[in-house]
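**Student:** my questions are about this predicted structure, shown below with the sequence.
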Amino acid sequence: MKLVVQVKLLPTPEQASALEATLRACNRAATYASQVAFAKSLKDRNGLQKEVYADLKAAFGLSAQPVVRAVKKVVDAYAALKAGLQSGNLGPPTSKRYRKAVGTPIVFRPEAAQPFDDRCLSWQYDARTVSIWTVDGRMKGIRFVCSPDQFKTLVTHRKGESDLVRRGGKWFLVATCDVPEPEVYEPVDWIGVDRGIVNLATTSDGTNHQGRQLSRYRRWQAGKRTELQKKNTRSATRRLARRARKEQRHATHVNHKISKEIVSVAQRTGRGIAVEDLGGIRERVRLRRDQRGTLSSWPFHQLGQHLAYKAKRAGVPFLEVDARYTSQRCPRCGHTERANRSDRDHFCCRRCGLAGPADVVAGVNVRERARSAWVLVTAPASSP
């Protein structure tokens, strides 16, 4: 499985200046190649490289291999845009976002991340340094730091490209690591996980990971954003950007803690993990205006991603099941009715009288659907 390891670079002022110049030159070259690709409808790598190779070397001061990386960066960006359009991430073809995306070439920020392969970047693990190509020549002996676990993964499994990133005035390398996957075991049962806004995750075991602290933090951040937006100064804009990144890191940290605990319990008890398939939920539900911001900032997708990759890395079975009526269906008698859930917190079946916390009942329904789905997944194919 593919994982990434982020290490922090500690360049000297001279090295930092060279890295900045390199990043800007590569992104100017990528923007030029993007304009050519858009104007001539060249979305394949070989065709675009043949068209712009000489221009990128002559006009932007790039060597042969950085030119190849810049072209691939453009081709990958258009492939990602095409996938986003097909999946509906930019709305219907009549929407303003969709029309803008297909009507203008992709533009790369001056300090957007730039990929480097092993010809442009080499690692000296013993010295904890890297050597990287720049427009000012090869820069050697750039120090890097990371945690012991990250360093071990880097040394053992690093393979492929590494992205040079500048964020908040600091330099990072994001390295791709190909970690072998353990064999997925046969689960003795399943842990159903119901994701929500008030309760970020509730398992079928009754474990509740509340989101009140995160919600309070987000409300406090929203108040600070309002104050800064009213100032409307350049300093306020910079502070808004810093606060947005800080809030995002906080939500990511919370999701990491929750997913790590759930995967640990599943691995210890020999069970699998099942979650609801919530794809497209923002398009399916209708909300009041005051609820839209809460749903848009709800990090449920990231929590699902964390659960999936942590389970995969631990060899824990992972399934996504149908999310329909999991909070309205009685797990004992199967009766499904909206009135079964009288309010957000409570469930009471109108037929058999089963009652309990609504989120736990939803987690139990997810578990039951995972049991049925796993039988179908593992059933041997019938012979014709």
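**Tutor:** Noted; the coordinates are in hand.

**Student:** the closest residue to Arg99 other than its chain neighbours - how many residues pack around it?
**Tutor:** Distances taken as C-beta to C-beta, 6 or more residues apart in numbering place Pro93 nearest to Arg99, at 7.6 Å, with adjacent residues excluded. C-beta coordinates here come from the backbone N, C-alpha and C atoms, glycine included. The number of residues packed near Pro93 is 10, by other C-beta atoms under 10 Å.

**Student:** quick check: Pro93 vs Leu85, distance?
**Tutor:** 8 Å (C-beta to C-beta, to the nearest Å).

**Student:** now swap in Arg166 and tell me
**Tutor:** 29 Å.

**Student:** neighbour count for the two, which is higher?
**Tutor:** Between Arg166 and Leu85, Arg166 has the larger neighbour count (other C-beta under 10 Å), namely 19 against 16.

**Student:** you'd agree that one is up against Ala21?
**Tutor:** No - using C-beta atoms under 8 Å, Arg166 is not in contact with Ala21; the gap is 11.7 Å.

**Student:** how many other residues sit next to Glu51?
**Tutor:** Quick note: Glu51 (other C-beta under 10 Å) scores 15 neighbours.

**Student:** and if you look at Ser327?
**Tutor:** Ser327 has 20 neighbouring residues, counting by other C-beta under 10 Å.

**Student:** run through who's touching stretch 319-339.
**Tutor:** For stretch 319-339, contacts defined as C-beta atoms under 8 Å, 6 or more residues apart in numbering pick out 190, 194, 272-278, 281, 304, 340-341, 347, 349-352, 354, 358-359, 361-362, 364-366, 368-370, 373-374, 377.

**Student:** then that stretch to PDB, C-alphas only?
**Tutor:** C-alpha atoms of stretch 319-339 as PDB (Å, rounded to 0.1, in the frame of the first residue of the first chain):
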ATOM      1  CA  LEU A 319     -16.300  -2.700   4.400                       C
ATOM      2  CA  GLU A 320     -18.600   0.200   3.300                       C
ATOM      3  CA  VAL A 321     -22.300  -0.800   3.400                       C
ATOM      4  CA  ASP A 322     -25.500   0.800   2.300                       C
ATOM      5  CA  ALA A 323     -26.400   3.800   4.500                       C
ATOM      6  CA  ARG A 324     -30.100   3.900   3.800                       C
ATOM      7  CA  TYR A 325     -32.400   3.800   6.900                       C
ATOM      8  CA  THR A 326     -29.700   2.700   9.300                       C
ATOM      9  CA  SER A 327     -31.000   5.200  11.900                       C
ATOM     10  CA  GLN A 328     -34.700   4.200  11.300                       C
ATOM     11  CA  ARG A 329     -34.500   0.400  11.100                       C
ATOM     12  CA  CYS A 330     -35.100  -1.800  14.100                       C
ATOM     13  CA  PRO A 331     -32.200  -4.300  14.300                       C
ATOM     14  CA  ARG A 332     -34.400  -6.800  16.200                       C
ATOM     15  CA  CYS A 333     -37.600  -7.000  14.100                       C
ATOM     16  CA  GLY A 334     -36.500  -5.100  11.000                       C
ATOM     17  CA  HIS A 335     -39.400  -2.600  11.200                       C
ATOM     18  CA  THR A 336     -38.300   0.600   9.400                       C
ATOM     19  CA  GLU A 337     -40.200   3.900  10.100                       C
ATOM     20  CA  ARG A 338     -39.100   7.500  10.500                       C
ATOM     21  CA  ALA A 339     -41.200   7.600  13.700                       C
END
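
**Student:** any weak-confidence spans in the stretch 251-384 of the chain?
**Tutor:** By pLDDT under 70, the weakly predicted segments of the stretch 251-384 of the chain are 279-298, 379-384.

**Student:** do a quick rundown of the strands in it.
**Tutor:** Ranges of strands in the stretch 251-384 of the chain, per DSSP state E, counting those that start in this stretch, are 272-276, 318-321, 346-348, 355-357.

**Student:** does Ala59 sit in a helix, a strand or a coil?
**Tutor:** Following DSSP: H, G, I helix; E, B strand; the rest coil, the label given to Ala59 is helix.

**Student:** one more: the one 3 residues further on?
**Tutor:** Under three-state DSSP, the three-state class of Leu62 is coil.

**Student:** that one touches Cys26, doesn't it?
**Tutor:** Yes - Leu62 sits in contact with Cys26 when judged by C-beta under 8 Å, with a separation of 6.9 Å.

**Student:** if you count surrounding residues, which of the two has more?
**Tutor:** Cys26 (29 against 22).

**Student:** show me what contacts the more buried one?
**Tutor:** So Cys26 contacts Phe60, Leu62, Pro66, Arg69, Ala70, Gln114 (C-beta under 8 Å, 6+ apart).

**Student:** same question for Gln65.
**Tutor:** Asp117, Arg119, Cys120, Trp133.

**Student:** what helix or strand is the closest residue in space to the third one that isn't next to it in sequence on?
**Tutor:** Nearest-residue entry for Cys120: Trp133, 4.3 Å, with adjacent residues in sequence omitted and distances by C-beta to C-beta, 6+ apart. Secondary structure assignment for Trp133, by DSSP states H and E: strand 129-134.

**Student:** the following helix or strand past that strand: partners in the sheet, and parallel or antiparallel?
**Tutor:** Note on strand 129-134: by DSSP H and E, the next helix or strand toward the C-terminus is strand 137-145. Applying DSSP bridges, strand 137-145 is found paired with strand 2-10 (antiparallel), strand 129-134 (antiparallel).
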